[in-house]
Structure formats: C-alpha cells, structure tokens
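Asks: Build the 3D model from these lines:
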Amino acid sequence: MNSFFRRFLIITLFCSIGAVSTTFSEEFDRNKTYKIAVKPLVPFIIKEGDTYSGFTILLWNKIAEQLDVDFEYYDVKATDQLIDEVVSRRADLAFGGLVISSDRVEKTFFSQPYFSSGQHIMILRSKNDGLQSVTSNLSSIIFSPQIIEALFFLVALMFISANLVWFFERKMNRDMFPHSYVSGVFEAFWWSAVTVTTVGYGDKTPKSRIGRGFALIWMFTGIFLISFFTATVSSTLTLSKIKGDINSVDDLAGKQVGTTRGSLIAPYLKRKGVRVFEYPNIEKAYLGVKKGLLTAVVYESSVLKYFVTNIDNGRFKIVGNEFKNKYYGMAIGQNPGLQHHINIELLKLQENGVYDRLYRLWFGDAAQ
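Replies: Next up is the predicted model:
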C-alpha cells in the first residue's frame, strides 16, 4: 500500500489549493465538538442503530484519537449533500464515498485521498449460467467472426484441393471425376470433404500416381485442419460462457443501469448511450437488478466487491475490468489547520502500518 499513498501525495497538492495562503501551523480548536456529516455506504460507513462502523469510520476514529478531539455524527440522504453541509458550515467535516473532483475542491477543503477505487459493473447471476446459457446463445456463437473465418478458410482449402485432384484425375478416372469442370469439381469436392474429415467413404479414390500422392498429403493436412477448426469452435464456446453478454461499458449502451444520485459516473454512462437510473442509495439499485428493472449496477469497485462477497453471495457477479479510477477524501470546512493535521495523521497511519491493517480487515490482501 506504500505506492498507493505515494501516488496520492501529488493529488494532495491539488486538494490543498485553497490553503496556499494560510500557514500549515495554524491550529484548530481542540475543545470543540466537531460535527461530521456522513452518508452510510457499506463497507465504508455502516450504521446499525446509533452505532457506526466501517472502514472510513475506523480510520477517522484513529485520527480523532491522535488529535484528541470530540465529534458527533449525523446522516445525510445523498452524497452531494455532504458538500452542502460543509459549505453551509452545518458540518465541520463530511465523508462517505465522497470522490474528490475539481468542482468539489473549488467549494471546500479536502483531506488528501485515503482510498482509491475504480468503477465496476455488477449484474445478476443468470440461472442459466453454464451449458444452458451457451445453448441459448448458440446462434450468436455459430455466426461469430472467429468461427465464420475458420469455416471459410476450411472450405477454401477444400475447394483448392478439389480442383487439384480433379485436374490430376480427369483423364484417367473419368468415372469418378468427370472431365466436365463443373461436374468433375463437384465430385472432387465431395471426395475432398470426406477425406479431410477422415470419414473416407471410399466411393471415390484417385488412381493416378500423382493423384494418390496428393491424396496422401491431403489426408495428413486434414488432421491439422480439423484440429484447428475444432479448437476454434471450442475456444469461442468457452469465451462466450465466460464473458457473457455484458463485459464492458460499451455493452451497456441502450440498457437500463442503476447508480446513486449525484454519482460522478452517471454523466459518463449517459455519454455512452446508457439509460441511467439514479437512486438515493446503492441498496435500492441492487433491488432494481433483483426485480429485473435494471440490467446492471455501475458503482465503486470496492463497494460492489464487498456486496457480492458478504451481503448477497451467489446472486450477483462482477464483470469486465475496472475503469474510471477515483479517489476518496474527507471534505473539510474552511479550516486549513484541521485539514493540515488530518493529512499528517493519515500519513502517520500509513507509516506505522495501521492503515494496512484496517485495509486488510475490510478488503483483504487481494483487494490491494
């Protein structure tokens, strides 16, 4: 995780633009009870009754302990409200899946990023995943470019083979390969097909030496050609089974996709031709997919992975690669001193290994 924070040191400068004219040594009020606006978002902020937990909560608790300050939480309904709360000074601090962006930094101070997460696509796992799924999409598989190309290559070689064997046999073996080009090549094509597929009915056989020599070459060539064609069909079927219908953002064009209201990914999806439905919280988007109202959910990768693994294991799956990497930060009111000290404590937590332990607790080693 060291490289994670080294990358963020550069972004820290961007987040601190508003504090350039203020000395970093400026103190903040340690006797004040700081009001913190939060937007519950599993696994960053989890609320059970009046108790808060989650990765960001535990991270902040460590920071507050070192700063020796008191605080109290209160909830907001949407992520965009977090910025409004600190701008209006109803809150001294705000966090909860809050992505750092240029327009948000123009409005208020931010801590340095404490988490990086890209976007991912989550869909409902089909009941027909497996052989039935492949069978239902058989027509699209058969007419896939890979299979059409392999089939065209095989037929072209068979046609060339038919012309050659007809040319060699047209004079000595007219009963099996008529002298007429159309009739002769038609019969030769039949011979070429049954030979290359190793069926070998024996109803047509070359008699000339050169014809038999070519037939021997064609038999061995057929072993490789059929192996190549079989491998192409098998790989296409396997890829179809693994990838499914949706494997990237481009596959979502024209489909109904859910995300959260005010999400920074929504405009990007709309530009891609996706029909975006914005929900007040991600849980309602999950429900939309369950009920068949949505095709997929697009949201922060870490949140979706946690949901798939811990909340509704087996019902959903994540597809495609991560995209549009974003950085989470804590929105801070007009208090450069508080911003400065929070950043220092974040770095200390990284240096002493506490951050790594918290990360592994919620996301595991694989997530890093």
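Asks: Stretch 329-347 - what's its average pLDDT?
Replies: Average pLDDT, stretch 329-347: 91.
Asks: Could I get the buried residue list for that stretch?
Replies: 329-333, 335-343, 345-347 (16 or more other CB atoms under 10 Å). Yep, even glycine has a C-beta here, placed from its N, CA and C like the rest.
Asks: for it, the distance to its chain's centre please.
Replies: In terms of CA atoms, centre = their mean, to the nearest Å, the centre of stretch 329-347 is found 32 Å from the chain centre.
Asks: do stretch 221-239 as well
Replies: So, by CA atoms, centre = their mean, the centroid of stretch 221-239 is 29 Å from its chain's centroid.
Asks: what about residue 198, neighbour count?
Replies: 10 (other CB atoms under 10 Å).
Asks: Let me fix that, I meant to ask about residue 77.
Replies: For residue 77, the neighbour count with other CB under 10 Å is 11.
Asks: Give the residue farthest from the middle of the protein.
Replies: No residue in the chain sits farther from the centre than residue 172, which is 63.7 Å out by CA atoms, centre = their mean.
Asks: Can you give me the buried ones in the longest strand along the chain?
Replies: Looking across the chain with DSSP state E, the single longest strand is strand 316-328. Within strand 316-328, the residues scored as buried using 16+ other CB under 10 Å are 316, 318-320, 324, 326-328.
Asks: Next: stretch 152-163.
Replies: 154, 157-158, 161-163.
Asks: Please apply the same query to stretch 99-113.
Replies: Going by neighbour count (16+ other CB under 10 Å), the buried part of stretch 99-113 is 99-100, 104-105, 108-113.
Asks: Strands of the stretch 201-350 of the chain, start to end?
Replies: With DSSP state E, counting those that start in this stretch, the ranges of strands along the stretch 201-350 of the chain come out as 256-260, 275-279, 296-300, 316-328, 331-332.
Asks: and those strands, which one's lowest on average pLDDT?
Replies: When I compare the strands of the stretch 201-350 of the chain, strand 316-328 is least confident, with a mean of 86.
Asks: related to what we said a few turns ago, so which pair among the buried residues of strand 316-328 is furthest apart in space?
Replies: Using CB to CB, the buried residues of strand 316-328 span at most 25.4 Å, a distance reached by 316 and 327.
Asks: Report the beta-bridge partners for the nearest residue to residue 123 once chain neighbours are set aside.
Replies: Closest residue to residue 123 in three dimensions, ignoring its sequence neighbours and counting by CB to CB, 6 or more residues apart in numbering: residue 296, at 4.7 Å. Note on residue 296: beta-bridge partners by DSSP bridges are residue 257.
Asks: Lovely, talk soon.
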